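Chemist: please work out how this folds:
(one chain, ligands or ions: 1)
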Amino acid sequence: MERLLFGISGLPLGNGRKFNYASAISYLKEFELDAMELLFVRSINVSDKNKDAILRNKLAHDFYLSAHGSYFINLNAETKEMQQASLERILNGGEALSKVQGRSLIFHPGYYLNSSKEEAFSSIRNNLSRLKHQGIDYRLETTGKGTQFGTIEELVSLCKEVRSCKLCIDFAHIHARNNGSLKGYDDFAGILQYVSGELGRAALDDLHIHMGGVAYGVKGERNHLPLQESDFKYLDCLKALRDFDVKGCVICEGPRVENDALLLKRTYERL
Ligand SMILES: [Zn+2]
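Modeler: Numbers count the residues shown, from 1 in each chain. Just a heads-up that it's a prediction; the model follows:
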């Protein structure tokens, strides 16, 4: 990627205007944002009916599209059938995303359930290695709860072993999972240093990032918050992204949607 793009998760607020994905792209472009993450979390909502309009606006506005895959993915599920169903959910999401020339399919790989961390890792790795190439990147997202597989170390190890997988660093999740661990610049810089040390400079040249305010407790994330009403140190985070010359896409999550995404973009530009 040539630079760092900024965008939102799902549809914009737009002062109560009604949007579909295609009209949202035009609106967000005018709002001076660069990207949108389609939400396939409950169902895949790109179909043969709406794909042409989405693709037309994406190309006309040189807009970046990613998608968040199903919430019902567990590559460490109890039975092989359930694991296979999860793989199919990932593949179906990838297929829909590729119809609109999206780049990255983001998902949470699974849960530990009763497995040890090592058992969960190997079952998830074996399933990920069965994903066929679809012309998109599979992005493993750092997760916000201790019961979910997906520390940064686990995902970096998977990316080393399964070539079709890349990282999605959700800084809010890392912060919440560890009960507020990202306290300042050095914490963000440490993560970026670790990622580039393990996966090479290429990982920072094309990184997918989730960011936002988050409420959390000892068990991890609770809900998203507006950036400025949270303890998330977005200024330090953006400074670290700039100092490491990170390129790729930042998706802002939270109730202020495009307003917080633009706050991140403008703050970053002024650094
Ligand atoms: Zn997610």
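Chemist: going forward, measure contacts and count neighbours with C-alpha atoms only.
Modeler: Will do.
Chemist: so where do the strands sit in this structure?
Modeler: Taking DSSP state E to define them, one finds strands in the chain at 4-9, 35-39, 64-68, 104-107, 137-141, 165-170, 207-211, 213-217, 220-225, 248-252.
Chemist: check which helices and strands the third one sits against.
Modeler: Pointing back at strand 64-68 there. Applying 3 or more CA pairs under 8 Å, 6 or more residues apart in numbering; DSSP states H and E, we find strand 64-68 packed against strand 35-39, helix 80-99, strand 104-107.
Chemist: what does it contact?
Modeler: 34-41, 58, 93, 97, 100-107 (CA atoms under 8 Å, 6 or more residues apart in numbering).
Chemist: re the thing from before, which of the helices and strands packed on strand 64-68 is buried the deepest?
Modeler: Counting by mean count of other CA atoms under 10 Å, strand 104-107 has the highest mean neighbour count of the helices and strands packed on strand 64-68, with a mean of 28.
Chemist: packing partners of that one?
Modeler: Using 3+ CA pairs under 8 Å, 6+ apart: strand 104-107 touches strand 64-68, helix 80-99, strand 137-141.
Chemist: partner strands of that strand and their direction?
Modeler: In the sheet, strand 104-107 lines up against strand 64-68 (parallel), strand 137-141 (parallel) (DSSP bridges).
Chemist: who's in contact with the closest residue to Asp187 other than its chain neighbours?
Modeler: Distances taken as CA to CA, 6 or more residues apart in numbering place Ser181 nearest to Asp187, at 7.8 Å, with adjacent residues excluded. Applying CA under 8 Å, 6+ apart, we find Ser181 in contact with Ile174, His175, Asp187.
Chemist: so of those, which ones are in helices?
Modeler: The helices, defined by DSSP state H, take in Ile174, His175, Asp187 from these.
Chemist: pick the one among the residues you listed closest to Asp260.
Modeler: Distance to Asp260, by CA to CA, is smallest for His175 among the ones in helices among the contacts of Ser181, at 18.1 Å.
Chemist: pretty sure the closest one contacts Gly184?
Modeler: No. Judged on CA atoms under 8 Å, His175 makes no contact with Gly184 at a distance of 10.9 Å.
Chemist: so these two - more neighbours on which side?
Modeler: Ranked by neighbour count (other CA atoms under 10 Å), His175 and Gly184 place His175 first, with 25 against 15.
Chemist: if I look at that one, how far off is Ala215?
Modeler: According to CA to CA, to the nearest Å, His175 and Ala215 sit 10 Å apart.
Chemist: tabulate the ones in helices among the contacts of Ser181 (CSV), appending distance to Ala203.
Modeler: Shown next, in CSV, are these (distance: CA to CA, whole Å):
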residue, distance to Ala203
Ile174, 18
His175, 21
Asp187, 18
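Chemist: okay if I get those as CSV plus pLDDT and distance to Lys247?
Modeler: As requested, the ones in helices among the contacts of Ser181 are exported to CSV (pLDDT from 0 to 100; distance: CA to CA, whole Å):
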residue, pLDDT, distance to Lys247
Ile174, 96, 20
His175, 96, 21
Asp187, 98, 19
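Chemist: return the most buried member of the strands of the chain.
Modeler: Among the strands of the chain, strand 104-107 has the highest mean neighbour count (mean count of other CA under 10 Å), at a mean of 28.
Chemist: show the contacting residues for Gly94.
Modeler: Gly94 neighbours (CA under 8 Å, 6+ apart): Leu105, Gln134, Ile136.
Chemist: quick one: contacts for Leu105?
Modeler: Ser66, Ala67, His68, Gly69, Gly93, Gly94, Leu97, Ile136, Asp137, Tyr138, Arg139.
Chemist: out of the strands of the chain, nearest to Lys239?
Modeler: strand 4-9 (12.5 Å).
Chemist: give me the sheet partners of the closest one and which way each runs.
Modeler: Strand pairing for strand 4-9, using DSSP bridges, gives strand 35-39 (parallel), strand 248-252 (parallel).
Chemist: alright, I will stop here.
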